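**Q** Fold the following and give me the result.
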Amino acid sequence: MMRKALFAAGLLLASSALVQAKDFGTLKFATEAAYPPFNQSTPNGKIVGYEPDMVAEIAKRAGFKYEIVAQKWSGLIPGLVDGKYDAVIDAVTVTPKREEVVDFSRQYTVSVSGFVTLKKSAVDTLPGDGEVVQVANDADMSKAIDALKEKFKGKTIAVQVATIQADFLNKYLADVATIRTYQAGPETFADLLNGRVDAVMASRTNLNAYVKKHADSVNSTGYGFSGGVLGQGSAIAVQKNNPELKAALDNAINSMIKDGTLKQLSEKWFGENVAPAE
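**A** Numbers count the residues shown, from 1 in each chain. You can find the predicted model right below:
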């Protein structure tokens, strides 16, 4: 009995070692390279940010080589499904709709979405004063959306196409406001500064970085929203039926959360901790 138990334990350890030792070759990660501080391209073409730093650390812990390539946001998930790259890392929020076509790693950020407006405009200050509303809470949502509808009636809200924020706006505010979509996040902010739109909706982590650079011109204001159509946080998207890669990413992210490395990267790039709890 003891020999059988030891033999079985040995097989389990060997199996685990094989998973850890799998040679992935050079993995290709796709990102937008235009969504600071998650990711952005420098003038010399280098992709930097929270996620590139995180991938570098994951690669060390999981023992693989990698490259990061730039891809338009709208083509990220379709390109992954078509096998153009091995993973997508671009603040992609886990939603049931996306889980139908790709798998996700363990989440590496918690997610809240909100609004930025132009100072001294008709929608300078939105109701909510930073309060975070859970989309699944019908009573709180009804109160928040009714208040926002009053403020946004006849206005135009900018949002990046094919995002959870676009889904949110189309579901809750499209009956009173014009929802204008853009291929890239920076385009939404450019039109806000030029007065072509009245507000931008995006993740608060992205908005905070923008407001920090343009504090004289814009506000981060009003309710924040989380859950429901907005999902539960960002994760790395991988192709379906690739459990080895998913396990390697999960193990590395979990270890980074546990030892505080992800918190340090978060504070470096966002000025706050957006890493999930253990």
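
**Q** contacts for stretch 258-266?
**A** If you take CB atoms under 8 Å, 6 or more residues apart in numbering as the criterion, stretch 258-266 is touched by 50, 53-54, 57, 108-109, 253, 255-257, 272-275, 278. Bear in mind the C-beta positions are built from the backbone N, C-alpha and C, glycine included.

**Q** Just the C-alpha atoms of it, please, in PDB.
**A** Taking C-alpha atoms only, stretch 258-266 is exported to PDB below (Å, rounded to 0.1, in the frame of the first residue of the first chain):
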ATOM      1  CA  LYS A 258       0.900  36.800  -3.200                       C
ATOM      2  CA  ASP A 259       4.400  38.300  -2.900                       C
ATOM      3  CA  GLY A 260       3.300  41.900  -3.600                       C
ATOM      4  CA  THR A 261       5.000  42.300  -7.000                       C
ATOM      5  CA  LEU A 262       1.700  43.100  -8.800                       C
ATOM      6  CA  LYS A 263       0.900  45.700  -6.100                       C
ATOM      7  CA  GLN A 264       4.300  47.300  -6.700                       C
ATOM      8  CA  LEU A 265       3.800  47.400 -10.500                       C
ATOM      9  CA  SER A 266       0.300  48.800 -10.000                       C
END
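
**Q** How about that stretch, which residues are buried there?
**A** Buried residues in stretch 258-266, counting neighbours by 16 or more other CB atoms under 10 Å, are found at 261, 262, 265, 266.

**Q** swap in stretch 251-259?
**A** For stretch 251-259, the neighbour count (16+ other CB under 10 Å) marks 251, 252, 253, 254, 256, 257 as buried.

**Q** how close does the spatially most central residue of the chain get to residue 144?
**A** Nearest to the geometric centre of the chain sits residue 91, at 2.1 Å (CA atoms, centre = their mean). Distance, residue 91 to residue 144, using CB to CB, to the nearest Å: 23 Å.
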